[in-house]
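coords please:
(2 chains)
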Amino acid sequence: MHEIVTQGFLFPNEIHVHWSIMIVLYPYITGLVAGAFIVSSLYHVFDVKALKPIAKFSLVGAFCFLLFACTPLLFHLGHPERAFNIMFTPKFTSAMSGFGYIYLFYLLLVLFEIWLVFRPDIVRFAQKGKGMVKAFYTILALGSFDVSEETLKVDHKVTLFLAAVGIPSACVLHGYVGFLFGSLKSNPWWSTPLMPVIFLLSAIVSGISILAVMYVIVMKVRKQPVDNACLKSLFAYLWAFFILDVTLESLEVITMLYESHEEWHIISQMLTQKLGFSYIFLQMAVCSLIPLVTLGFVVLKKMKDTTRNRLGIICSVMILIQVLAMRWNVVIGGQLFSKSLRGLTSYAPTILGKEGLLMALILFAAPFVTMYIFNLILPLWEKPETKAEEA
Amino acid sequence: MNQDRRKFIKTVFHSGLAITLFPSGVLASEGGTANLYAFIVDTEKCIGCGKCVDACKQENNVPDNCYRTWVERYRIMADGRVAVDSPYGGAKGFDPVSGDEKPVKAFFVPKLCNHCKDPNCVQVCPVGATYVSKDGFVLVDEKQCVACGYCIQACPYGARYLNPVTRVADKCTWCFHRVQKGLETACVSVCPMKARMFGKVDDPAGPVYKILKEKRLQILKPETGNNPMAFYIGLDKEVR
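All right, here's what the predicted structure looks like:
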């Protein structure tokens, strides 16, 4: 059990950190959703052909992360059995009350898009399968077995529309999570209009990074070569968004430092004494500067494909750590200093328990397991022989 | 074609208008409440005995390490250093300061929920569990609260806590249950120095009416725009 260490004066109700590691995980997973969806839309809407190999993969990735985006919240709530009150008896003055609706809308949108994208496969399995398998895919087909060229064209048009609507929705979903923090005027570490933008940009970079890493791992497991053009394109987008992300994250703190309002005194103490490792070292120094410079080389310099891929993947992993550290520093950091601006408290997650590290790891692993199961039901990758035949 | 376009623009305009007006309509529906009561703390009278904190704990079954009210002690040294403490929320009083500490100024500040006119906690509650009663008390419906903790984060005064027994957000109610019966709040009833006063703002015979009209009063953190209904006499600039 972590012993709480306090310094200075805190209001007596502030000793405990209320929003635990679960509230760190929640924006992290939601961010991966937004980022992964935007990658899939880059292909579907903006016709970035290089991203075709991972278009389906990213869409399903977004869906699987989305399925578990709310679970950390449920584990955090004191009364999870009342969770649906947020949708049944919402109070619209609360920034939080809209989340249920935004989440549900986005979930349905992604689900519908996935169904359209996989419809030819579903119909094929329904027609080929026997017994229970046939019944299962027949249900999935929802009575629509027409896969003629004309129908598929319509499907494509609707997919395009959904992907196009999905981009602002993904932005709203994650910008909104940033707004939950940014709109709390009681907390000077959170209350900045930059917060939604920073959350959105960090979501995009984390989504691109996790796709790049997963793609390389999956291809290794499948013993298939990676598509170098696809990865190169991912790294280019990653670099561009990461430049914006790091710039805004830095500007936020530089502005606080330069303005030096009365709260800067305690925030600077929090950053140096409590978040020295997770903020200064991990988020800003190591996992921002190194990927920023290295990705520049990866994108601009000519180099061997294997070298580029290796460097790019190392940067992607570092960016995933950077974004996780950023979520930690925002969520936990904002609760480490007293609203009296006179003292600091401490927090370390427990290992066990419903808000412990183990549970957080299980929840984070759940989308990957779901993706694996999804792949068993509706394969995400073409078999090598099918690809060769096409060629 | 032109007519179609005009129709389309009209529809978009009307939808936009509806969306814009909707939240303000929701906000307007908050009406029907009036801030009939006020709390006054005279920091020049408080001696830091902690009887108020103790009485509150007993009256409201406040769990250990949670505080509906507490007392802060401030010591300001000659070099400008400020030392603040509130051991056990001040419930057991305060130990004497060490001999070599020579504060030039020392005083006690009782704190509690401010039952603000524009409470941030009510604004952020996603399920309407925190609400303003028709006479201005900020209360929590413990059957509705999901315990998300958003109100705890939103309160700039640290007045809220998560009740470990009921597992919902909790805080000072200005002893709503007693006031409804015509009684004083528990903390006011035990204060030996009359440093805490509570009553109707428009009752000339009540304890707060005259003070509100005649005294120079301060509120905590006015910059947050919450407009507290707890007012302070003799509040030092060091108090937040």
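
pLDDT weak spots in chain A?
Within chain A, the ranges that satisfy pLDDT under 70 run A:1, A:384-391.

backbone phi and psi for whichever residue of it sits closest to chain B, please?
Here chain A gets closest to chain B at one residue, A:G78, 2.5 Å apart by CB to the nearest CB. All C-beta atoms are positioned from the backbone trio N, CA, C, and that covers glycine. With angles defined as degrees, to the nearest 10, A:G78 sits at phi -70, psi -30.

what about the residue in chain B that chain A sits nearest to, helix or strand, and which?
Nearest residue of chain B to chain A: B:A147, at 2.5 Å (CB to the nearest CB). In the assignment (DSSP states H and E), B:A147 maps to no helix and no strand.

Name the nearest residue to it, sequence neighbours excluded.
Distance criterion CB to CB, 6 or more residues apart in numbering or on different chains; nearest residue to B:A147, sequence neighbours excluded, is A:G78 at 2.5 Å.

and if you look at B:K194?
Computed as CB to CB, 6+ apart, the closest residue to B:K194 that is not its neighbour in sequence is B:K45, at 6.4 Å.

Next: A:L59.
For A:L59, the closest residue by CB to CB, 6+ apart turns out to be A:S40, at 4.1 Å.

Check B:Q58 too.
Leaving aside its sequence neighbours, B:Q58 sits nearest to B:A186 (CB to CB, 6+ apart; 7.5 Å).

just A:L162 next, same as before
Spatial nearest neighbour of A:L162, chain neighbours left out: A:E113 (4.3 Å); criterion: CB to CB, 6+ apart.

That neighbour is in what secondary structure piece?
Element membership for A:E113, per DSSP H and E: helix A:99-128.

Okay, buried residues for stretch A:262-275 please.
A:263-264, A:266-267, A:269-271, A:274-275 (16 or more other CB atoms under 10 Å in any protein chain shown).

downstream neighbour of the helix or strand of chain B with the lowest mean pLDDT in the secondary structure list?
Lowest on mean pLDDT, DSSP states H and E among the helices and strands of chain B sits helix B:2-28, with a mean of 53. Counting by DSSP H and E, the next helix or strand C-terminal to helix B:2-28 is strand B:37-42.

does any bit of that following strand sit next to chain A?
No: Strand B:37-42 stays out of contact with chain A when judged by CB under 8 Å from any CB of the partner chain, the minimum separation being 15.5 Å.

May I have the strands that pair with that strand, each with its orientation?
strand B:196-200 (antiparallel), strand B:230-233 (parallel) (DSSP bridges).

In CSV: the ones you listed, plus distance to A:M284, mean neighbour count and mean pLDDT.
Listed next are these as CSV, based on distance: least, CB to CB, whole Å; neighbours: other CB atoms under 10 Å in any protein chain shown; pLDDT from 0 to 100:
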stretch, distance to A:M284, mean neighbour count, mean pLDDT
strand B:196-200, 47, 21, 97
strand B:230-233, 41, 21, 98
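
ok and the biggest helix by length in chain A relative to helix A:99-128, angle-wise?
Longest helix in chain A, counting residues (DSSP state H): helix A:149-182. With axes from the mean of the first three to the mean of the last three CA atoms, to 10 degrees defining the directions, helix A:149-182 sits at 150 degrees from helix A:99-128.
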